[in-house]
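A.B. asks: Structure, please.
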Amino acid sequence: MKRIIALIISLTVLASSFSFCLSASAVQTTDIAKTRIASSDTYYEYSVSDKTLTLSGNGNIPNMINNDASQPWFYWRSDGSIERVVIGEGITGIGSYVLYQVCAPEVQLPSTLKTIGNYALAYNDSIESYELPFGVKSIGASSFENCISLKSIDLPDTLTSIAKNSFKQCYKLESVKIPYSVSSIGNYAFHRCSVLESVSFESLSSPVKIGSYAFMNCPKLSELSVPLGATMGTYAFGFNDSKKKYEGVSMKLFSGSDAMAYAKARAIPYELIDVIPLEMGVVNTNEYIEETTQHTYNYSFVPKTTRTYNIYSTGEVDLTAIISDENGEIGRGDDISKDNLNFCLSYELEAGKEYSIAVSSVKSVGEYSVIVYPDEILSFDILGELSFRADEGELNNDSNRVFEINDAMLENFILTVSFGGDYQDRIYYSNMYFDNREISLADKQSETPFTCGENKSYIAIGEIESSFNVYVEHSYEEEVIPYTVDDDGYSVFTCILCGNSYKDNYVPTPAVTVSGTAVLMEKPDGSHSHNVPYPYASFFANDRTYFIDENGNWSVNTFDDLDLVFENKNGENIELHIDVENEDFEYGAVVFQGYDFNGDGYVNAKDYVVFLKEKKELKEDYWNFAYNFFGAKIR
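C.D. replies: Numbering: from 1, shown residues only. The predicted structure follows:
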């Protein structure tokens, strides 16, 4: 009976190990328009024609849980509806469970990605490879668990931690290189990777915590070279799930290291390493403590091409170094400067030849790193940009606004450096000693002040410079223009940097409009049956001058009662007083006597002569009404 129960338990455990892509199936047959994910600035959309799920936006895709209320594609994530996932530029984090059980053979990751959450890409039975972009710093617990078709994974030099269960039960994963930047590998991280046969650490000196059971039940992983600074948890390597040691396993390790204690305690055969191999661009971190200040650490380097290389150290430890080949010492390196106690060995080295570098402390303790690069830097590109508001600039003595750019603002900028020999490497910006040069900000605002829009700032590696974009947004100052009797009030907003302006916040004037028409008097009794427009007068209203338009219309805005004087150039002036209330007022017709051209008070032949000589624009039909006034005295 006990044997039957044990068998049932075993089968249950085995079944759970293969439980992936088992969610309810309902093939997605319609497109999904761009839809916001929770309250974030991220979105998803789906195309049926190419079976593509696209995630876009800015920032982190929120954490989800494994149910249909949280994960929008829950019911069609593993039925073949999704063959491709595209995560757009601008996404910085993939939250927990976002693509859990999404069985797409292709997942495109953005260069802006920084974090991958728990179970975020787990239980995908189709995908065969991932290349995590430079910039990814952490991967969460079980993030790739049960990706049973995954054969390869490229981890970037920015990755600092591999969480527990990250690659558990990735049954086809064949090899993995642990970047020098990784400081911890969680418990069960590579548990049951049954064909994993190669695990290499980029740096064999850097400190890394290898968690308990990290490489447990990896039967093909027969050998492991462990860094000098590594610590190893319980059954981290060499054992199956029953805690039985595999036959033929062995380790390569440093004398006195934690890995040596691990091997001795578990009777694992080992071979001592006494030289730390250097590879270009790999940061090999080590530490001197009081007990080891007399110790010399030995490094080796085999160049692939013949050229000048810089082998140098960084850190706060006072160091010296000697470089040798099979014929003996080539040279020595000590302090770079009075302010920098690191060494730099700059020599032309032959391809394929092994060089030895002996590093010693000058009675100094602390962490240091040894790095090697080609001496020739051809160029570098910058991934990153800054933005400011115009009011963040400070006025200098020349009345230009200067924007402070400091090292902290650039810490996430990625520099892609191209060296001689077709070698390229990516690093984060830091104001540091790099390849026998200093990386620094090259601010040229004194030469070219920033303005609103796109500007350029510069980073220098030694004498070589490259630019990045700095965007400045308008900052507006408001000037309130009060309303007048003729115009609405408003605010003028003017940018303090570039002078760009616009108007807003309009306030209608409360003035009343008084309007009317100007017409020609057709008979001495004042009648004007034809309402001939009379545009031949201007008028004054409370010390302001106005004009009658060509159709005889006139209007004036006012806050108060009006005294109007119409100045008639073809006859007598007209004076009016108008009482104004609180609404627009249509006065009606103002009738003008318009034929006394010479101003003598009479309309007669003399005016006709003036009309013929000077008033041709009035035309004959206008003069027709003048005969009604011949001989009449105009009052």
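A.B. asks: okay, and for the stretch 501-635 of the chain, where does confidence drop off?
C.D. replies: Where the stretch 501-635 of the chain drops to pLDDT under 70, the residues are 632-635.
A.B. asks: what ranges do the strands span in it?
C.D. replies: Secondary structure of the stretch 501-635 of the chain (DSSP state E, counting those that start in this stretch): strands at 501-507, 512-520, 537-541, 544-547, 553-558, 562-568, 574-578, 585-592.
A.B. asks: I'd like the distance between Ile427 and Tyr534.
C.D. replies: Ile427 sits 84 Å away from Tyr534, taking CB to CB, to the nearest Å as the criterion. (C-beta placed from N, C-alpha, C; glycine too.)
A.B. asks: Same drill for the two, tell me which one is more crowded.
C.D. replies: Tyr534 (25 against 21; other CB atoms under 10 Å).
A.B. asks: what's the more buried one in contact with, if anything?
C.D. replies: 518-520, 548, 552, 592, 594 (CB atoms under 8 Å, 6 or more residues apart in numbering).
A.B. asks: from those residues, which is closest to Asn342?
C.D. replies: Proximity of these to Asn342 was ranked by CB to CB; the top entry is Ile548 with 89.0 Å.
A.B. asks: and that closest one, what does it touch?
C.D. replies: Ile548 sits next to 518, 534-539, 554 when contact means CB under 8 Å, 6+ apart.
A.B. asks: got those residues as TSV, with distance to Asn67 columns?
C.D. replies: Converted to TSV, the contacts of Ile548 look like this (distance: CB to CB, whole Å):
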residue	distance to Asn67
Ala518	80
Tyr534	84
Pro535	80
Tyr536	85
Ala537	83
Ser538	81
Phe539	80
Trp554	76
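A.B. asks: Among these, name the buried ones.
C.D. replies: Buried by 16 or more other CB atoms under 10 Å: 518, 534, 536-537, 539, 554, out of those.
A.B. asks: Give me the residues contacting the strand or helix carrying Val86.
C.D. replies: Using DSSP states H and E, the element containing Val86 is strand 84-87. Residues from elsewhere that reach strand 84-87 (CB under 8 Å, 6+ apart): 50-56, 61, 94, 99, 102, 104-110, 113.
A.B. asks: What sits closest to the residue nearest in space to the middle of the chain if chain neighbours are left out?
C.D. replies: Centre of the chain computed as the mean C-alpha position; nearest residue by CA atoms, centre = their mean is Gly90, 6.1 Å away. In space, and not counting its chain neighbours, Gly90 is closest to Asn58: 4.3 Å by CB to CB, 6 or more residues apart in numbering.
A.B. asks: Run a quick neighbour tally on the one you found.
C.D. replies: Count around Asn58 with other CB under 10 Å applied: 14.
A.B. asks: Tell me which residues touch it, please.
C.D. replies: If you count contacts by CB under 8 Å, 6+ apart, then Asn58 has 41-42, 90-92 around it.
A.B. asks: Please list the members of those residues that lie in strands.
C.D. replies: Among the contacts of Asn58, DSSP state E puts 42, 91-92 in strands.
A.B. asks: on that earlier part again, would you mind checking the average pLDDT for the strand holding Val86?
C.D. replies: What strand 84-87 shows for mean pLDDT is 98.
A.B. asks: Going by neighbour count, which residues in that strand are buried?
C.D. replies: Across strand 84-87, burial judged by 16+ other CB under 10 Å covers 85-87.
A.B. asks: what's the residue nearest to Gly90 sitting at in phi/psi?
C.D. replies: Backbone torsions for Asn58, taken as degrees, to the nearest 10, come to phi -140, psi 140.
A.B. asks: Distance-wise, check it relative to Leu99.
C.D. replies: Distance of Asn58 to Leu99, given as CB to CB: 19 Å.
A.B. asks: same deal with Ile276?
C.D. replies: Here Ile276 is placed at a distance of 39 Å from Leu99 (CB to CB).
A.B. asks: Looking at those two, which is more packed in?
C.D. replies: More crowded of Ile276 and Leu99, by other CB under 10 Å: Leu99, with 30 against 22.
A.B. asks: Correct me if wrong: the more buried one contacts Gly117.
C.D. replies: No. Leu99 is beyond contact range of Gly117, at 9.9 Å (criterion: CB atoms under 8 Å).
A.B. asks: for the chain, what are the low-confidence residue spans?
C.D. replies: Ranges of the chain meeting pLDDT under 70: 1-25, 632-635.
A.B. asks: Number of residues surrounding Gly328?
C.D. replies: For Gly328, using other CB under 10 Å, the count is 6.
A.B. asks: I meant Gln169, not that one.
C.D. replies: When neighbours are defined as other CB under 10 Å, Gln169 has 24 of them.
A.B. asks: pretty sure it is in a helix, no?
C.D. replies: No. With DSSP: H, G, I helix; E, B strand; the rest coil as the criterion, Gln169 is assigned coil and is not in a helix.
A.B. asks: quick one, what contacts it?
C.D. replies: Contacts of Gln169 by CB under 8 Å, 6+ apart are 17, 145-146, 148, 191-193.
A.B. asks: Could you measure from Cys235 over to Ile210?
C.D. replies: Let me fix one detail, which is that residue 235 is Tyr and not Cys. Taking CB to CB as the measure, Tyr235 falls 11 Å from Ile210.
A.B. asks: higher neighbour count, these two?
C.D. replies: Using other CB under 10 Å as the criterion, Tyr235 and Ile210 rank with Ile210 on top: 29 against 20.
A.B. asks: My guess is that one contacts Thr231. True?
C.D. replies: Yes. At 6.7 Å, Ile210 counts as touching Thr231 under the criterion of CB under 8 Å.
A.B. asks: one step back: export the strand holding Val86 to CSV, keeping only CA atoms.
C.D. replies: This file holds the C-alpha atoms of strand 84-87, laid out as CSV (Å, rounded to 0.1, in the frame of the first residue of the first chain):
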residue,chain,number,x,y,z
ARG,A,84,4.5,36.4,-32.0
VAL,A,85,4.8,38.8,-29.1
VAL,A,86,6.3,42.3,-29.8
ILE,A,87,7.1,44.4,-26.7
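A.B. asks: between the buried ones among the contacts of Ile548, which is closest to Gly333?
C.D. replies: Trp554 (94.2 Å).
A.B. asks: Does that closest one touch Thr513 like I think?
C.D. replies: No. Applying CB under 8 Å as the test, Trp554 and Thr513 come out as separate, 10.8 Å apart.
A.B. asks: Next, Thr115: phi, psi?
C.D. replies: phi -140, psi 150.
A.B. asks: Enumerate every residue touching it.
C.D. replies: By CB under 8 Å, 6+ apart, Thr115 lies in contact with 60, 92-94, 136-140.
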